[in-house]
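> I need the structure of the sequence given here:
(chains A and B)
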Amino acid sequence: MNRHESSPPAATPRRRRLRFAAGALAAALVVTACGAGSSTQPASTAPATTATATTDGQATAGQASNGAGGGSVGSQPGAGASGSDGSAAPAPSGDPNATLNVGFVAAPASLDFTQDSGAAIPQALLYNVYETLVRMTPTGEIAPLLASKWTVSDDQKVYTFTLRDNAKFSNGAAFTAEDAVFSINRVKSDWAKTVAVAQGMSTVAKAEAVNPTTLRVTLTKPSQSWLFSMTTRIGAMFSRTGVAELATKAVGTGPYLVSANQPNVKLTLTRNPDYWGTKAGMQTVNFMYYKDPTAMNNAELSRAINVISSVQTPDQLDQFGDTAKYQIIEGTTTGEVLLSFNNSKAPLNNKNVRQAISYAIDRKGLLDTVWAGKGALIGSHAVPTDPWYTDLANTYPYDPAKAKELLGGKTYTLRLRVPNLPYATAAAPVIASQLQQVGITVKVDTLDFPADWLTQVFTNADYDMSIVNHVEPNDLATLWGNPEYYTRYDNPEVQKLLADGDAGTRDQMIADYRKATEILADDAAGVWLWAFPNLLVADVDVKGLAKNQVSESFDLTGVSVG
Amino acid sequence: MVLALLRRLAVLLVSALVASVLIFLIMSVLPGSPAQVALGTGATPDAVRALEQQMGLDRPLPTQYVEWIGGVLHGDFGLSYTSRQPIGPQLFDRLSVTLWLVLGGMVVALLLAVPFGVIAALRNGRPTGLVISALSQIGVAIPAFLAGMLLIALVAMRWNWLPPNGYVVPATDPVGFLRHMILPWLALGLVQGAVLTRYVRSSVLDQLGQDYLRTARAKGMTATAALRRHGLRNASIPVLTVLGVQLVTLMIGAVVIERVFVIPGVGSMLSDAVSNRDLITVQGIVLVLVVFALLVGFVVDVLYTVIDPRLRVQAR
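A predicted model of the protein is given here:
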C-alpha cells in the first residue's frame, strides 16, 4: 500500500488494484507465516478513538486524560460556575425509520471497554449507548449530559453534579446518584488493574450520593484534566445491576441499544424507545467493518454503506466528486502522526542526531505523497485545536545540508519499525529515502498491528524509530511526562511543567503546556509529521456528521438521514 | 471393504487427536500474549499478568489442553479471549459461509474444466486444443484475488450489474445471496477451473493412449464415444485427487477472496483471531479445518472405490 507518487486521479484504477494486490498479498503472506493461516486485524487495541479519525490508524497510544491530561477543551467550569442546562442534542430531523450503514476500518474486540483498551469500542458505544455525566460536544466544549448542571468549589476540589431524574438504563433500572458513585468507584476498583485509562480517575478522593439526583465528587488535588476525562470512556455510567456480562451485553442509558454483534463484521445499534432525552434520529445504525480501504470505497460507491467514517485513501477522493450524491467532510482530529524515537538509546539519545533527522525530512513533500496533502503540518505534540497550540511547524525547515553538518560526517544505520497501517507503511519508504540523502541508512520493517507492534515496539521498546498516529485527545503528558513510555523520553523539566499545569489554574496550565511543547520541539524528541485530518465521505442526505473529531466517540446523537 | 473403511476411520481419529495436540503446542509458543493485546498501549506488566491469570493462561499446559479438548469433544469450543462470545456457533456460522463460497467456486471450476479439458485432449495439437491450453495456462498464472479485483472493477463498479462486496444470508434473501456470490464464485471458479482443466486434459490424454481405448476404437467406436463409455471413469481418478486437495486448500485459501469481497468466512475469522492473539479461537478453527481436511481425504478414498471397482477388490 505504499504510495510514492502524489498525483492521484489519473492513475487511480490501476493503483487501486495494486493496492488491493498488496493487501491481499500481505494477507497471504501472513497466512503462510502463521501456518494456520491468517492475517491482520486491528481490533482490540486498535485504533480508533477516532472513529472518524483514522480508524485504522491509531495506536491508541496514549490514554486520554491520563495524569495531567489537559483541560476541558473550550469550556471552563470555573469556581462556582455551572454548566448550562439543556437537552443533550439538537432534535434530529429526517426519516425516523432510516437505517444508516457506516463503514469503519477497526472493529471492536468486545463490547467491554473496562477490560479491553481498544479504541473501536468507545468509538461505537460512547454517547450512543453509554452516556457520561458531561460530554464533549462536536465543537469541543464540555456540556451537560446525564448531569444537567454542576458546580465547582472555590478550591477547585469539590464538584457537585445535579443529575437528571428521568434517565433509565436499558435493563429497566433508573439512573441515580448511587449508579454514578458505583461507576466512578468501579473505575478504580475493577478497571485499574487492566486498562490504563483508568488512571484518569486516580485524583478522585471520594464520590458520594447526597440524594438520588445529587452527586458530590471530591478530588485529592485540583486537576484540570479530571472533568475532561469524565467526558471520555472512563466517565461512562453503568448500572449497578448491569455489569455482569459487559463484554457481550452493554447496559447503558444512551439513545441507542446494541441489538446484534457479529465480531469483526457488523455491530448493530437500534433506537432506544425509552430514551430520556431527544429520541435517536435513526431506527438502525450498522457499524460495518472493512479491512480493505478499497472495499470500503466500493461499498460506498455501490450504496452498501452510507458513510465512510475515515477515508484511508485520500488520493482517491475524486471518485466521490459527484456532489449530487456525496458529501466530503474535511476537518481535524486530535491525532498527531509521530515519527517516534527511542530517546534513551544511542544514537538517538544524541540531540544532534535527532535534530539532523528533523532537518532531513521534507514533511510537506511527505504529506503530499502519502496522504494527498490532507492534514496540517505541525512541529510539536499539539494540534491546532489544542488551547496550548503554537505554530512550531518551522522549527526545523527542510535543510539536508544542515542535517549533514549536524551529523558531522558520521553515518548511521537505524531501524524503522512501523505498524502495518496505511499511513505508516506509506510514509516509511519516503522517510527512508530522505534520510538516505544525509547518510542515515534506514532499515524498514513492518509489524502486524496490534499484536506484534505492541509487543516489540510499544512494550519492549525494541526499535530506533517508529511511525504512529497518537490519536487520544490530551495525550501530551502520557507520551512525554512518563519516562517509561515507549518514547523513553526523560526530561524532568517537561515532567514538572506537565504536572504543575494540571494542578494549576487553566491559564497556568495552558502556559505550562505550551512551554512543554516548545521544549519538545527544540529537543527534537520526535518528528511530528502531520496533524491527522478528519476525512469522511457520506451520502448527501446524511445530516449532522461532525466536521472535527474531538472525542473518542463516533457520535451519532445529532445524525439523521433524509 | 467395511474393515478397510473402519481402519481408515481409526487413522482419521488418531490423526485428529495428534493434530489437536500439535495445534495446542504451537499456539502456546506463539509470541505475543492475548492479554497484552487486549490491554493495549497503556498496560503495565502487572495488569497483563493479572489478565493472563483471569484468562487461565498461567496454568500448566497439560491442564489447559485437557480442559480445552474435553470441551471440544462436547461441542464447546470455549469463549473467545477477546469478544467473550462462545466460539462454536460463530465458527460454524463462518464455516457455512466459506463452504457456500468454496463449493460454488468448485462447481464453476468443474463446469469449465470437464468440457474444456476433454475438448483440449481430443483436439490435442490442433488449434482448438492449443487455444484452450494457452488460456488455461494464463488462468493458472492469475491469482484468484486479482481475478476478483478485475471482476469488481468491471462488472460491479463500471457496469453496475452486481454488488462489489458483502454477504447476504441465503435463508433471508436468496436472490440477494446469489447476486452477492456470483462474482466471488467466478473469481474462485475461473482460476481453479484453469488449474483443473490442465489436469483433466492430461488425464484424458493419458487414457487416450491406453490399449483399452485403442481396442474400443478398433471395435468401431468413435474417439468421443469410446472416451465417454470407457475413458472418463478412468480419467476421473487423478482429477478427483486434485479436487480433494483444492477443496481443502481453498477452505483457508479463500481468505484472500473473502477479504476482497468482504465475505465473513472462516478464513477472515482465523486471520482476525491470529492478529488479536485470540489463541483459543485460532485453536478451534484450525482443529475444525484439520478435521475437515481429514474428512475430505476419507471421502475421496471412498469415492475412489466407488468409481473404480478394481480398487474395491484390492481394499477387500
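> Counting neighbours, which bits of stretch B:286-306 end up buried?
B:286-294, B:296-298, B:300-301, B:303-305 (16 or more other CB atoms under 10 Å in any protein chain shown). Where C-beta positions appear, they are placed from N, C-alpha and C, glycine not excepted.
> and that stretch, is it in reach of chain A?
Yes. Against chain A, stretch B:286-306 shows contacts by CB under 8 Å from any CB of the partner chain at B:V286, B:L289.
> quick one: average confidence on that stretch?
The pLDDT scores in stretch B:286-306 average 89.
> Run through who's touching it.
A:36-37, B:1, B:5, B:8-9, B:12, B:15-16, B:19-20, B:23, B:72, B:91, B:95, B:237, B:240-241, B:243-244, B:247-248, B:251-252, B:266, B:270, B:311-312, B:315 (CB atoms under 8 Å, 6 or more residues apart in numbering or on different chains).
> Which of the residues you listed fall within helices?
When DSSP state H is applied, the contacts of stretch B:286-306 are split such that B:5, B:8-9, B:12, B:15-16, B:19-20, B:23, B:72, B:91, B:95, B:237, B:240-241, B:243-244, B:247-248, B:251-252, B:266, B:270, B:311-312, B:315 fall in helices.
> strands paired with the longest strand belonging to chain A, and their directions?
Secondary structure of chain A per DSSP state E: the longest strand is strand A:326-341. Strand A:326-341 sits in its sheet next to strand A:465-470 (antiparallel), strand A:526-539 (antiparallel), going by DSSP bridges.
> mind giving me CSV with those and columns for mean neighbour count?
Below are the strands paired with strand A:326-341 laid out as CSV (neighbours: other CB atoms under 10 Å in any protein chain shown):
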stretch, mean neighbour count
strand A:465-470, 28
strand A:526-539, 25
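> want to throw those strands into TSV with distance to B:A187 and mean pLDDT?
Formatted as TSV, the strands paired with strand A:326-341 follow (distance: least, CB to CB, whole Å; pLDDT from 0 to 100):
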stretch	distance to B:A187	mean pLDDT
strand A:465-470	33	94
strand A:526-539	26	95
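> could those be laid out in JSON lines, adding distance to A:V258?
Shown next, in JSON lines, are these (distance: least, CB to CB, whole Å):
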{"stretch": "strand A:465-470", "distance to A:V258": "27"}
{"stretch": "strand A:526-539", "distance to A:V258": "23"}
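> For A:A260, which of the ones you listed is the nearest?
Closest to A:A260 of those, according to CB to CB: strand A:526-539, at 22.7 Å.
> Now the closest one - C-alpha only, PDB.
These are the backbone C-alpha positions of strand A:526-539, laid out as PDB (Å, rounded to 0.1, in the frame of the first residue of the first chain):
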ATOM      1  CA  GLY A 526      10.400  13.100  17.800                       C
ATOM      2  CA  VAL A 527       9.400  14.300  14.400                       C
ATOM      3  CA  TRP A 528       5.800  15.400  14.200                       C
ATOM      4  CA  LEU A 529       5.000  14.600  10.600                       C
ATOM      5  CA  TRP A 530       1.500  15.900  10.300                       C
ATOM      6  CA  ALA A 531      -1.800  16.500  12.200                       C
ATOM      7  CA  PHE A 532      -4.100  13.800  11.100                       C
ATOM      8  CA  PRO A 533      -7.100  15.100   9.200                       C
ATOM      9  CA  ASN A 534     -10.700  14.000   9.800                       C
ATOM     10  CA  LEU A 535     -11.900  12.900   6.400                       C
ATOM     11  CA  LEU A 536     -15.400  11.400   5.800                       C
ATOM     12  CA  VAL A 537     -17.400  10.600   2.800                       C
ATOM     13  CA  ALA A 538     -21.200  10.400   3.200                       C
ATOM     14  CA  ASP A 539     -24.300  10.200   1.100                       C
END
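> The helix or strand that that strand is followed by pairs with which strands?
Counting by DSSP states H and E, the next helix or strand C-terminal to strand A:526-539 is strand A:542-543. Paired neighbours of strand A:542-543 in the sheet (DSSP bridges): strand A:560-561 (antiparallel).
> can you give me the mean pLDDT across the strand it pairs with?
Strand A:560-561 carries an average pLDDT of 92.
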